[in-house]
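In: Everything below, folded, please.
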Amino acid sequence: MLEQFTARRIQVPDAEIFLRMGGEGPPLLLLHGYPQTHLIWHRIAPLLARSFTLVMPDLRGYGRSKGPPPDPEHRGHSKRSMARDMLAVMNTLGIERFRLAGHDRGARVAYRLCLDHPDRVERVAVLDVVPTLEVWDQMDWERALETYHWPFLAVPAPLPETLIGAEPEFFVHHLLQRWAKRADALDPEAVADYVAQFRDPGVVAATCEDYRAGASIDREHDLADRQAGRKIACPLLIISGRDYPASATPPAQVWRRWADRVEGLELDCGHFIAEEQPHACAEALLSFFRN
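Out: Numbers count the residues shown, from 1 in each chain. As a prediction, this is how the structure comes out:
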């Protein structure tokens, strides 16, 4: 899948990033989420590539990318570290300023990149998330049941790694079925790729570290920004799936506490917006990023 795009590996300070790129026009960096890979873009990439040069990496530790070993403070899998990966990738490609879109964990990397390096991003789209700190602030018993994977994956090693490693195929399919409006809307070839990566214990460990960072160092970084009054400087588009409640409060309303220029759009789908509603998602991104 996405074989019409060129595959590359780029060494960054403490990771090796696999990516695919291609298309024509201004650069657009696309970041995937959990439990997936860059293949989440397979349905919309051909549409976006008519207007933009796409860069589609696997996040460190996910898919075909390699990351550092776990560390006690989870800094190696913080969104700040992942954002630095993306800057190093774009620097290697000779790209100074770019447009940016992220889904799920990739959206968390995207907004962290915007906050830490506001001079690099022209526009940002976040798909189906609110900031990490807001998720934890809203975590009452009902939200904890709906998003049980947040505390589960953040439990210290090796508990989640051992349980996921025992039945990786079951676990990935469970999440896809739980979060999609219709799981059969996802392409079987893409799903096979998502499952395959979770057969690698290193990927499972890295993805758990991602969530442990979300329960610790990422939350600290968000809190520091909120206390300092820092906001995302560029225009922000939030695209939400109607059947996946990313927040108890409307997401666009939440994001207006973090950015001054916010547009919101809700589509008739679950969490996997680019796969469940590819044409509507691509149309929204093209309209937003062409401005």
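In: Report the buried residues of the helix or strand where residue 135 lies.
Out: Assigned by DSSP states H and E, residue 135 falls within helix 132-137. Of all the residues in helix 132-137, those buried under the rule 16 or more other C-beta atoms under 10 Å are 132, 133, 134, 135, 136, 137. C-betas here are computed from N, CA, C, even on glycine.
In: again with stretch 60-79
Out: For stretch 60-79, by 16+ other C-beta under 10 Å, it's 60-68, 70, 74, 76-79.
In: hmm, back to that, what helices and strands are in contact with the helix holding residue 135?
Out: Here helix 132-137 touches helix 217-228, going by 3 or more C-beta pairs under 8 Å, 6 or more residues apart in numbering; DSSP states H and E.
In: can you do 10 Å?
Out: On a contact count with 3 or more C-beta pairs under 10 Å, 6 or more residues apart in numbering; DSSP states H and E, helix 132-137 meets helix 105-116, helix 141-146, helix 149-154, helix 201-214, helix 217-228, helix 251-255.
In: what's the closest non-adjacent residue to the residue nearest the centre of the chain?
Out: The residue lying closest to the centre of the chain (C-alpha atoms, centre = their mean) is residue 106, at 1.6 Å. Distance criterion C-beta to C-beta, 6 or more residues apart in numbering; nearest residue to residue 106, sequence neighbours excluded, is residue 31 at 2.9 Å.
In: What lies in contact with the helix holding residue 135?
Out: By C-beta atoms under 10 Å, 6 or more residues apart in numbering, the residues outside helix 132-137 that reach it are 79, 105, 108, 111-112, 129-131, 143, 147, 150-151, 213-215, 218-226, 246-249, 251, 254-255, 257-258.
In: Now find how far off-centre it is within its chain.
Out: Relative to the chain's own centre, helix 132-137 is displaced by 16 Å; criterion: C-alpha atoms, centre = their mean, to the nearest Å.
In: and the helices and strands packed on helix 132-137, which one is worst for confidence?
Out: Confidence, taken as mean pLDDT, is least for helix 141-146 of the helices and strands packed on helix 132-137 (a mean of 92).
In: re the thing from before, verify the stated contact: the residue nearest to residue 106 with residue 114.
Out: No: counting by C-beta atoms under 10 Å, residue 114 is not a contact partner of residue 31; they are 11.9 Å apart.
In: quick one: which of the two has more around it?
Out: Taking other C-beta atoms under 10 Å, residue 31 and residue 114 do not tie; residue 31 has more neighbours (29 against 24).
In: Dig out what the more buried one forms beta bridges with.
Out: Listed by DSSP bridges, the beta-bridge partners for residue 31 are residue 102.
In: Which parts of the stretch 51-200 of the chain are strands?
Out: For the stretch 51-200 of the chain, the strands defined by DSSP state E, counting those that start in this stretch cover 53-57, 98-103, 121-127.
In: The first one vs helix 105-116, what angle?
Out: Right, strand 53-57. Using axes from the mean of the first three to the mean of the last three C-alpha atoms, to 10 degrees, the direction of strand 53-57 lies 110 degrees away from that of helix 105-116.
In: Contacts only, for residue 163.
Out: 152, 155, 171, 204.
In: picking up where we left off before, hmm, the residue nearest to the centre of the chain is touching residue 60, no?
Out: No: the pair residue 106 / residue 60 is not scored as a contact, 11.6 Å apart, by C-beta under 10 Å.
In: Could you tell me which residues touch both of these two?
Out: Here residue 106 and residue 60 share the contacting residues 82, 86, scored by C-beta under 10 Å, 6+ apart.
In: And the helices in the stretch 151-291 of the chain?
Out: Under the criterion DSSP state H, counting those that start in this stretch, the stretch 151-291 of the chain contains helices at 159-166, 168-179, 188-197, 201-214, 217-228, 251-255, 273-276, 278-289.
In: Neighbour count added to the contacts of residue 163, as CSV?
Out: Output for the contacts of residue 163, formatted as CSV (neighbours: other C-beta atoms under 10 Å):
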residue, neighbour count
152, 14
155, 15
171, 19
204, 24
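In: for the chain, what helix or strand is lowest in average pLDDT?
Out: When each helix and strand of the chain is scored by mean pLDDT, DSSP states H and E, helix 141-146 comes last, with a mean of 92.
In: list the buried ones in that one?
Out: Quick answer for helix 141-146 (16+ other C-beta under 10 Å): residue 143.
In: How about stretch 18-25?
Out: Buried residues in stretch 18-25 (16+ other C-beta under 10 Å): 18, 19, 20, 21, 22, 23.
In: Now do the same contact list for residue 155.
Out: 161, 163, 208, 211, 212, 215.
In: doesn't residue 212 make contact with the first one?
Out: This means residue 161. No: applying C-beta under 10 Å, one finds residue 161 not in contact with residue 212, separated by 11.0 Å.
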